[in-house]
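In: A structural model of the following input is requested.
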Amino acid sequence: MQLPRAQISLIQSNLRDLGSSSAGARVVKSPLTAGCSFTHGSLNSSVAVLMKNHFDHIPLAPRRYPFFYGWMIVLMGAIGFLMSSPGQTYGVSPFTDSLMAALGLTRVQLSVAYMFGTVSSSLCLTYAGRAYDRFGARVVAPAASLILGVVLVLLSQCDRIAGSAAAVLHLKDSSAMGFVILLLLFFVLRFSGQGVLTMVSSNMTMKWFDRHRGLVTGLSGMVIAPAFSATPAILNALVEGVGWRGAWLWLAAIIGVAFTIVALLFFRDNPEACGLKPDGPLADRALGSRRAKEGERRQYTLVEARRSYGFWVFAVGLALFAFYITGMSFHAASIFEAAGMDRGSGYMIFLYASIVSVTLRPLVGWLCDRIPLKFLLMAMLTGVIISALGMRVLREGLPMWTVVAGNGLCGATLGTLASVTWPNFYGRRHLGAISGFSMAITVFASAIGPWLFSQSKAATGSYAPATTGAAIVAAIFFFLATKANPPTAE
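Out: Below is the predicted model:
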């Protein structure tokens, strides 16, 4: 690829803190760009990827801020997580009864549409991760939020779209068309919201920090955890206030318009491209961290990561909680009704769990930088067991608080593990591909959760078989996790 001298000079300027010059060539010394080099007349494909950072100085260069820009990234990442809420299962749950009534679907049919839409989206996430590695957070995040906004508008009109399509095709019953339309919209919703926007927000934050990722996830989790847990109650109130159509239209405006602009202005992919270094002023302060610096560690590809025992234990372990919590939250209204709890009180379980999660998140973050991550995974799996056993006998009182405690423990550890494990184990260079593949497993599990919960209810009249199964699998992976070490320690 041939570029003019002026353009090459500008790229060199943008990368001047990444390496050192030699006669006629520049080698970028960074874990993200090791092995990439270019001369005046040529630019290899690896460095061409770095052109994604070409406009990082617009509207203001991160180096010109009076504080380390990584803290702005932490804030933006947290907001990105929150903006993904409509694509998460707990963000869909308040709309399920309205969708069934509007489209004439049963609970099982709705669960199947959700499952196939989610499974289909999971198959695309590895490719989305590679796209993130290539184009960066500032391109991928606004694209995902814009798509999420559009699909929310379409969801608000899904019954009308189904009715119109059925009329065109001369179908007497529009419910079948409603199933198909909903499946397609669930695919886009889950891909853009739960998948891409969540992945980019997490990975971007992890790229800006290295030895203090636990500290960062602990701090951001204190904001994210209560906001996530309060979302079902807030959205339920919004649905009751402005109707399910109005609720989705409001969310479309906030995410598809407002947040897209915010992401374009403030998201940055990595510190090196901005003339900074991971951790900023804390870069040379270990603060108790026992891990080596990023540049001293090997950078693994997705293929290499998948050969590691630890990868599969962590990936499936994290997916197990996704299976459990999505099954629970998707059928929350039905579960609370069966337990003799009113809908409003039932949804408060998520809020109470967030209080437990927020209380524990700083401790989990502190431990993350100091102890093997497998112990935190074991703690999360213990939380699944506690919550699942409480769900078997759910009612007001001790069983409800057992569920709260278990979900709170899971929430405190899950966010940290999902963000920190992959860069800590395998490095940042292929973080998008590795985390994308892991997220595909998680999304797949979250897809079958609501379906299996609905099958449990349909077959036995209870959700107990599904929750018991989750507890048994969690116990098995608890013991498998005892040997889930980083690849260099295996």
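
In: how is this structure carved up into domains?
Out: Following automatic domain parsing, one gets these domains for the chain: 5-53, 62-273+299-489.

In: what's the closest of these to residue 281?
Out: With distances scored as C-beta to C-beta, the stretch of the domains of the chain nearest to residue 281 is domain 62-273+299-489 (6.0 Å). No exception for glycine: its C-beta is placed from N, CA and C like everyone else's.

In: From the chain's centroid, how far away is that closest one?
Out: For domain 62-273+299-489, the separation from the chain centroid amounts to 6 Å (computed by C-alpha atoms, centre = their mean, to the nearest Å).

In: mean confidence score for it?
Out: Taken as a whole, domain 62-273+299-489 has an average pLDDT of 88.

In: The chain should start at 99 in everything you say after this.
Out: Got it, first residue is 99 now, which makes that one domain 160-371+397-587.

In: in which helix or strand would I find the nearest residue to residue 205 once chain neighbours are set aside?
Out: Distances taken as C-beta to C-beta, 6 or more residues apart in numbering place residue 552 nearest to residue 205, at 5.7 Å, with adjacent residues excluded. Using DSSP states H and E, the element containing residue 552 is helix 529-558.

In: What is that helix packed up against?
Out: The contact analysis (3 or more C-beta pairs under 8 Å, 6 or more residues apart in numbering; DSSP states H and E) places helix 529-558 against helix 187-190, helix 205-220, helix 223-233, helix 296-306, helix 400-404, helix 407-428, helix 496-524, helix 562-578.

In: Contact partners for the residue nearest to residue 205?
Out: By C-beta atoms under 8 Å, 6 or more residues apart in numbering, residue 552 lies in contact with 205, 206, 209, 429.

In: Likewise for residue 512?
Out: 416, 419, 478.

In: mind running it again at 6 Å?
Out: 419, 478 (C-beta atoms under 6 Å, 6 or more residues apart in numbering).

In: now it: how far from residue 580?
Out: Separation of residue 512 from residue 580 (C-beta to C-beta, to the nearest Å): 19 Å.

In: what sits up against stretch 238-254?
Out: Residues from elsewhere that reach stretch 238-254 (C-beta under 6 Å, 6+ apart): 184, 230, 283, 286-287, 290-291, 294-295, 298, 343, 346-347, 349-350, 353-354, 357-358, 361-362, 365.

In: Need the residue closest to the centroid of the protein.
Out: When C-alpha atoms, centre = their mean is applied to the chain, the residue found nearest the centroid is residue 296 (3.2 Å).

In: pretty sure that one is touching residue 182, no?
Out: Yes. Residue 296 is within contact range of residue 182, at 4.8 Å (criterion: C-beta atoms under 6 Å).

In: mind listing what's buried in the helix holding residue 552?
Out: 529-555 (16 or more other C-beta atoms under 10 Å).

In: mind checking which of the helices and strands packed on helix 529-558 is nearest residue 171?
Out: Checking these against residue 171 by C-beta to C-beta gives helix 296-306 as the closest, at 4.6 Å.

In: C-terminal to that closest one, what's the next element?
Out: helix 311-350.

In: Quick check: what element follows that next one along the chain?
Out: helix 358-364.

In: could I have that next one exported to CSV, CA atoms only?
Out: Extracted C-alpha coordinates of helix 358-364, given in CSV (Å, rounded to 0.1, in the frame of the first residue of the first chain):
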residue,chain,number,x,y,z
THR,A,358,-24.0,7.6,19.6
ILE,A,359,-22.8,11.2,19.6
VAL,A,360,-21.2,10.7,23.0
ALA,A,361,-19.3,7.6,21.8
LEU,A,362,-18.1,9.4,18.7
LEU,A,363,-16.7,12.2,20.8
PHE,A,364,-15.1,10.4,23.8
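
In: Who are the packing partners of it?
Out: In this structure, helix 358-364 makes packing contacts with helix 235-254, judged by 3 or more C-beta pairs under 6 Å, 6 or more residues apart in numbering; DSSP states H and E.

In: and the angle from the helix it packs on to helix 529-558?
Out: Angle of helix 235-254 versus helix 529-558, following axes from the mean of the first three to the mean of the last three C-alpha atoms, to 10 degrees, is 30 degrees.

In: Quick one: residues in contact with the following helix or strand past helix 235-254.
Out: Remark: after helix 235-254, the chain's next helix or strand is helix 256-266, criterion DSSP H and E. Here helix 256-266 makes contact (C-beta under 6 Å, 6+ apart) with 200, 201, 272, 275, 276, 279, 280.

In: now for those, which pair is the farthest apart?
Out: Maximum pairwise distance among those (C-beta to C-beta): 12.7 Å, between 200 and 275.

In: quick one, which of the two is more surrounded?
Out: Per other C-beta atoms under 10 Å, whichever of residue 200 and residue 275 has more neighbours is residue 275, with 21 against 18.

In: In three-state terms, label that one for me.
Out: helix (DSSP: H, G, I helix; E, B strand; the rest coil).

In: between the domains of the chain, which one is nearest to residue 378?
Out: Of all these, domain 160-371+397-587 sits nearest to residue 378, with 3.2 Å by C-beta to C-beta.

In: How much space separates the residue nearest to residue 260 when sequence neighbours are not counted from residue 191?
Out: Once flanking residues are discounted, residue 260 sits nearest to residue 276: 3.9 Å by C-beta to C-beta, 6+ apart. Per C-beta to C-beta, residue 276 is found 19 Å from residue 191.

In: More neighbours: which of the two?
Out: The residue with more neighbours, out of residue 276 and residue 191, is residue 276; 26 against 23, by other C-beta under 10 Å.

In: about what we covered before: ok, of the contacts of residue 552, which come out buried?
Out: Neighbour counting by 16+ other C-beta under 10 Å classes 205, 209, 429 among the contacts of residue 552 as buried.

In: so who does the last one touch?
Out: Residue 429 is in contact with residue 551, counting by C-beta under 6 Å, 6+ apart.

In: so how far is residue 562 from the residue nearest to the centre of the chain?
Out: Residue 296 sits 30 Å away from residue 562, going by C-beta to C-beta.

In: same check, this time on residue 525
Out: In this view, residue 525 and residue 562 are 43 Å apart by C-beta to C-beta.

In: can you check residue 289 too?
Out: Separation of residue 289 from residue 562 (C-beta to C-beta) stands at 32 Å.

In: Ok, residue 319 next?
Out: Residue 319 sits 31 Å away from residue 562, going by C-beta to C-beta.

In: Secondary structure element holding the closest residue to residue 249 other than its chain neighbours?
Out: With C-beta to C-beta, 6+ apart as the criterion, residue 249 has its nearest non-adjacent residue at 4.4 Å, and that residue is residue 286. Assigned by DSSP H and E, residue 286 belongs to helix 273-287.
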